[in-house]
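In: only the shape, not the letters, is given here:
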């Protein structure tokens, strides 16, 4: 504890220990002074030699001067402590005329329903000036200025408004101001306030042209101390780069305390954009007569390949979690549903840690019969994505800007007529840029990114379809190209040089499927339900599966796919 | 084989065996006649006595008359067989001027894209008369009338049109007519046809005012023999009741061959209604500012209770499949998302077989913060369901009628102002009807149904909310009623006397949750992520979880929930 106490009206209330400490020291200093006068050597009250700033013992004169200064400070602190103590006594004795207008409410068990009218913080503006309103919000920050006034920033979701709690003769007491100042940040409160025009626009809040003069404030739920502050969690990358002393909140810390992390305005925007993507996906497909379906996630056989499948204990059998709705959406085409889509979880037991893989994610899957050529489906895919991009740009521009403020990114480029690139051309572009690659090699992540840069340069788009993948790198149910041996009627879709969708024309003939399986040495024992579905007149069809979180994370150019998933799962993360 | 052969132009082509059989019999009959004349006793060619309709031996005269009649028929059959054989020879020699206009196409590998314009069967009407169109459809039935004409009913999804394939001098040959007549039902064909007005409305088809005069027909995919006919699978219950000789297609058979079963018009309607329910659910909630979320299905701990949870092998750990998104949607409320919904699979390891339980189904879940009283949420629930019912009645009336034709049901009744019944009143109603029940007993399935009937009688509604369930029968996170000990702020929603939704105000205070867990002897070790979410200022909130398949199955009053699920899962069914 410091020997001196700086007590003034803005300080936190002094503790009893601090307030009484100077009294003890006072006697000691007096004794030291007496000792110094009697013996001559320059020692203080404890009989010790005091050193000056140059590290040498102080002379008598210097010591005397120092002791006098210390004594003066002590007396000042003593006086201040005395005043504070008296203020506390006076305040305690003072009747609190506001006692009914603040405090912690009991847990709301729906005991009453007074039907108050609540105003959303987002709705507050200058038109409310002069009126009384009730808002429910969190205390984002509080800033007492003396004992008579406290500023609180009130946040409701992503909207903030300035609140002023100032002592007046009848409504707001010093007790109330003090109580408000002591509420932990993130505490949820109900505020009854009179709306006034601020002296100047409140630039720190989203509501800039009105402020709330608080008349009543009740804590609905008091917050514990946070694991990190929302301010730290919300700080723009640019500021972090400029100043190394800022607290950085690591991704793992954020995910461990996801509830807190998700409260940031940036995260609200990210997940509104996530909602927007699936909403626009549905809007686009429903306008094109797709039917939404729900197919099982627990399967009797691991149909799509061995290692990467999660096993479920299913009563006395084993089941497997679906790695995609692939087989089922195709079966729905066989059942004449013509055009179907599904939004649901898919599970991949890949034991790897990358910035773009998770063990569970949301698949936006679709499948459609076509008449003549699978390029009919590519047209639908192009329209689908352009519809999503246009919807995001026009209806979610505010959310995109919010994310960009924290995590800056380049504008997303796309073409009115989406680019469809054929695999051989992509290979040629990469070779032209110095990459070595065989005609039928699969695309590595590095090459995908390089291709993305080359395409952006040449075609000015961050979105394109890569068509005609080599047959050998695609699943067995992929339709081979009829003209060019070694290629297939399959495609991937890329955003900013990373894959977000994979698709193909599928083999719709049972015998051809069996034949392909045989050629690839695949056992079809567990695939009979699927293969048999094609024995009753199946139309040619194609489709694709989009990773929802990937679209969001790549569109916003975030660093890690986990940032676009509420509660991500990877081989080491099953919590929260 | 019958002794007589009825051969005429409309019969299926005679087989070689049938055509040659009469020649053998001819000699035998002649011998019998000779024998009869020589010996006197009335025996036929085999020396056997022939019996009349009265069971007595025929007299000589009677026998002679019979044998003469049989000989005449034999000769007629012989002639017919001869003619048919000649016709076949002639036909085989005849050049087929239509050979380029029918046949089985090679598998469509997208080798070409001629960009034909296809007309949907649903779009065909009198306005097309006189034009040439191309349609892609299945052969639902074919009915040859002689060698020169064949009627085919063509189906595209749920729409049918009559096709006529008739020999003419230049386009359609007998060979083509024969080929069409031989195509297995459900074969997918491309038809090029001239549209004409039918002589009278085609009552058996959905397109009644136009018929297709087929000029070309190609099989895109030939169907194997079906496990059951679509006609049998589509037969109305009323007809089945009237006539016991109809084939009935058992539910298990349907589910084993779901692809075929799903092709019926009734099933198309059921799953369009299923889509409608989730679509209307989303529309309602999005218009009330709910955000769609996706929460994990693989959990690190089995949080919602022990036995009924599926275990997953998660690398070197165990994970559990989510029994509901309950905890996560509540956590999203704690993260200030205010109003959230999720549509996704939920998993229940219940080893029971009932008409209304499955091990996997689609949950329509929602959760919202409220200001004063959880009845704010009941209002939203009432609006939500009324919105769904209204949307179904107005936008899906045709589909509802389609289902009703096969599976008749009573009109669904609901009130403009939904009925909210309190538990004690329900108990009183049941007691009044002679049921024994304690104040705090849970509702059995039988009592639920009885209550549904009593409510329908008294309040004229098939939809109502039962509020204030006894606390003891609800999960530990349910908020106790503040006024009446033993009750809780929780509710179920019923359709036609069966539960389709369960919900409650949840406990939003960590300490109260811990306290309740302690009182119930529940170990909270695995619930810490959840409980801790309430330590940072959680708003009071309530919500509910609706079973999508239940809504569809009960709204349509189907017999079994499996009828409203594409690929149902129960303890014995993991396929297809």
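Out: Arrived safely. Remember, it's a predicted structure, so these values are computed and weren't measured experimentally.
In: buried set for the helix ranked longest in chain A?
Out: The longest helix of chain A (DSSP state H) is helix A:60-93. Neighbour counts over helix A:60-93 (16 or more other C-beta atoms under 10 Å in any protein chain shown) mark A:63, A:67, A:70, A:71, A:74, A:77, A:78, A:80, A:81, A:84, A:87 as buried. Yep, even glycine has a C-beta here, placed from its N, CA and C like the rest.
In: chain A - how does it break down into domains?
Out: A:101-221, A:230-261, A:265-564 (automatic domain parsing).
In: I'd like those domains as TSV, with distance to chain B and mean neighbour count appended.
Out: Shown next, in TSV, are those (distance: least, C-beta to the nearest C-beta, whole Å; neighbours: other C-beta atoms under 10 Å in any protein chain shown):
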stretch	distance to chain B	mean neighbour count
domain A:101-221	4	18
domain A:230-261	5	15
domain A:265-564	3	19
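In: and the strands in the stretch 51-200 of chain A?
Out: Remark: strands assigned in the stretch 51-200 of chain A by DSSP state E, counting those that start in this stretch are A:102-104, A:132-144, A:149-156, A:159-166, A:188-196.
In: give me the sheet partners of the first one and which way each runs.
Out: By that I understand strand A:102-104. Strand A:102-104 sits in its sheet next to strand A:211-221 (parallel), going by DSSP bridges.
In: average model confidence for the partner strand?
Out: Here strand A:211-221 scores 97 as its mean pLDDT.
In: show me what the helix or strand that comes right after it is packed up against.
Out: Next in sequence after strand A:211-221, counting helices and strands by DSSP states H and E, comes helix A:230-234. Under the contact criterion of 3 or more C-beta pairs under 8 Å, 6 or more residues apart in numbering or on different chains; DSSP states H and E, helix A:230-234 touches helix A:258-261.
In: what's next to the helix it packs on, contact-wise?
Out: A:186, A:226-228, A:230, A:233, A:249, A:254-255, A:267, A:566-567, A:576, B:331, B:334-335, B:532-533, B:536 (C-beta atoms under 8 Å, 6 or more residues apart in numbering or on different chains).
In: give me that answer again for 7 Å
Out: A:226-228, A:233, A:254, A:267, A:567, A:576, B:331, B:334-335, B:533, B:536 (C-beta atoms under 7 Å, 6 or more residues apart in numbering or on different chains).
In: any idea how far residue A:345 lies from residue A:453?
Out: Applying C-beta to C-beta, to the nearest Å, one obtains 32 Å for the distance of residue A:345 from residue A:453.
In: if you could redo that for residue A:363, that was the one I meant.
Out: 28 Å.
In: likewise residue A:531?
Out: 42 Å.
In: wouldn't residue A:423 be in contact with residue A:472 here?
Out: No - look at residue A:423 against residue A:472 with C-beta atoms under 7 Å: they stay out of range, at 11.9 Å.
In: center of chain A - which residue?
Out: The centroid of chain A falls nearest to residue A:267 when counting by C-alpha atoms, centre = their mean (3.1 Å).
In: angle of the one helix or strand that one maps to against strand A:149-156?
Out: Under the criterion of DSSP H and E, residue A:267 resides in helix A:265-287. Helix A:265-287 runs at 20 degrees relative to strand A:149-156, counting by axes from the mean of the first three to the mean of the last three C-alpha atoms, to 10 degrees.
In: contact partners of helix A:265-287?
Out: So helix A:265-287 is contacted by A:157-158, A:234, A:261, A:341, A:343, A:364, A:366, A:383-384, A:387-388, A:391-392, A:395-396, A:399-400, A:402-403, A:406, A:548, A:551-552, A:556, A:563-564, A:566, B:291-292 (C-beta under 7 Å, 6+ apart).
In: 6 Å instead?
Out: A:158, A:341, A:343, A:364, A:384, A:387-388, A:391, A:396, A:399, A:402-403, A:406, A:551-552, B:291-292 (C-beta atoms under 6 Å, 6 or more residues apart in numbering or on different chains).
In: do the same with stretch A:335-349
Out: With C-beta under 6 Å, 6+ apart, stretch A:335-349 has contacts from A:278, A:285, A:289-293, A:308-310, A:321, A:323-325, A:329, A:332, A:359-360, A:363-369, B:157, B:259, B:262-263, B:297.
In: restricted to strands, list the residues you listed.
Out: A:291, A:292, A:321, A:360, A:363, A:364, A:365, A:366, A:367, A:368, A:369 (DSSP state E).
In: in the sheet, who's paired with the fifth one?
Out: Yep, that's residue A:363 we're talking about. residue A:344, residue A:547.
In: now do the first one
Out: Judged by DSSP bridges, the bridge partners of residue A:291 are residue A:340.
In: contact partners for it?
Out: A:337, A:340, B:275.
In: from residue A:270, how far off is residue A:427?
Out: For residue A:427, the distance to residue A:270 - C-beta to C-beta - is 35 Å.
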